[in-house]
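>>> sharing a model prediction with you, sequence too.
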Amino acid sequence: MFNLERWQEIFEAIGKNKLRTFLTGLSVASGIFILVILLAMGQGMSNGVAKEFENDATNRISVWTNVTSEEFKGMNPGRVIQMDNRDYELAVNKNAEQLELKSGVFSRWGQLTTYKKENGSYRVEGVRSDYQFLENESLVSGRYINESDLNNYEKVAVIGNQVYLDLFKDKNAIGEYVDIQGIKFKVVGVYTDPGGEREETRIFIPLTTAQRVYNAGDKLRSMAFTLEKHDKYEDALAASEAFSAQLESDLKTKHTISPTDKRAVNVNNTLENAKKFYDLNNMIRWFFWGVGICTIIAGVVGVSNIMLIIVKERTKEIGIRKAIGAEPWSIIGMILHESIFVTAIAGFLGLLFSMILLEIAGPYIETAYISNPTVDFSVAITTVIILVVAGAVAGFFPAYRAANIKPIEALRDE
């Protein structure tokens, strides 16, 4: 029930001690403010990590080779390991039942590409038809490389959106011919990539055509795979790790590489990388929660100390109340009311300022692993609940002390 006299007492007490009340409220507000900002940064890190893994398929396994770093079976270190179509066929045939997407890749960097009077230097990659989904690319227009292109060594090209803008200036590109290092290729598609401009400055052509026009025989620069989906993340990770280990072992056996050589064969498993990033991110978020809650506790301790001072100052008043028949719970309610009021108002102000700051500045925060830090409604409600509980805890012990004061002792207090 609304008690006007109780509210008048609260505002009178606050009015008599403006500075003390302000400093107490500031400690609580800063605690809530820091907690919300830290939680928002944790969410921003989650957004940033998720954005990084949008660039390619989330369960992609890529393999490429380098030079050997160890002597093995009489062969000196420093041998260049070159993958070829037979390596790709071995991996595909051996794991056909569990593979979802697959492609070999042959790349050439800095290929001069010309269309009429426009030209640019781009990376050209020979790929198979699955590569669109391995790279998480979307077609703006036209189509991607298909099996017919591969079987017939077609001179067709799928260009990135940035290549399209550089060469065609928003004109129609489908069906037009671009000159790549003196060889004409028909543009059959234009794609976009979540990775942005850097990923869109590439040109894809059929792998078989790339190997032929660049006199590469059956050489491959890299291979990429994804496995069939699993219902549980743990099962997907286990299958992915097993496939990665088997692929590395098969390549080392075929090319006579030491099993302990860490340089000759490189396997990158995005599912493993994602787990590491998300585990680290969860640890950081828990750390943020800990720091924020400790900050709130510091504010609550401050409120509790202030309420003890208030009880001490009002000891004689409390004694008079009890002497004329005030119940202990009415004394407790009076102290709790003031404590919860101060912490609630200060906390809501801290929450409001933090949400306004995030609303204004959040969308503009874009770094490598932090993107648009925000706090959702459920987290805001959680902080409010923490706030109300903190106010009650802060006031209870001083209130309990006040309720147990004996009237005669209170009246003697100076």
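Sure, I can see it.
>>> in a strand, residue 119, correct?
Yes: under DSSP: H, G, I helix; E, B strand; the rest coil, residue 119 falls within a strand.
>>> how close does it get to residue 167?
From residue 119 across to residue 167, the span is 7 Å (C-beta to C-beta, to the nearest Å). Yep, even glycine has a C-beta here, placed from its N, CA and C like the rest.
>>> any common contacting residues for the two?
residue 113 (C-beta atoms under 8 Å, 6 or more residues apart in numbering).
>>> looking at those two, which has the bigger crowd around it?
residue 167 (22 against 14; other C-beta atoms under 10 Å).
>>> excluding its backbone neighbours, what's nearest the more buried one?
With sequence-adjacent residues excluded and distances taken as C-beta to C-beta, 6 or more residues apart in numbering, residue 167 is closest to residue 115, at 4.2 Å.
>>> pretty sure the one you found contacts residue 168?
Yes: in terms of C-beta atoms under 8 Å, residue 115 counts as a neighbour of residue 168; the distance is 6.5 Å.
>>> so what sits against both of those two?
Here residue 115 and residue 168 share the contacting residues residue 176, scored by C-beta under 8 Å, 6+ apart.
>>> care to break the protein down by domain?
Domains of the chain are assigned by automatic domain parsing as 4-52+276-412, 60-269.
>>> any chance of those in a markdown table, with mean pLDDT too?
Formatted as a markdown table, those follow (pLDDT from 0 to 100):
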| stretch | mean pLDDT |
| --- | --- |
| domain 4-52+276-412 | 72 |
| domain 60-269 | 93 |
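>>> how about the helices in the stretch 151-300 of the chain?
Counting by DSSP state H, counting those that start in this stretch, the stretch 151-300 of the chain has these helices, from start to end: 161-168, 207-213, 233-254, 270-313.
>>> would you mind writing the CA trace of the first one as PDB?
The reference is to helix 161-168. C-alpha atoms of helix 161-168 as PDB (Å, rounded to 0.1, in the frame of the first residue of the first chain):
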ATOM      1  CA  ASN A 161      31.700  -8.100 -57.500                       C
ATOM      2  CA  GLN A 162      34.800  -5.800 -57.100                       C
ATOM      3  CA  VAL A 163      36.300  -7.000 -60.400                       C
ATOM      4  CA  TYR A 164      32.900  -6.400 -62.000                       C
ATOM      5  CA  LEU A 165      32.800  -2.800 -60.700                       C
ATOM      6  CA  ASP A 166      36.400  -2.200 -61.800                       C
ATOM      7  CA  LEU A 167      36.100  -3.500 -65.300                       C
ATOM      8  CA  PHE A 168      32.400  -3.100 -66.300                       C
END
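>>> no further queries at this time; thank you.
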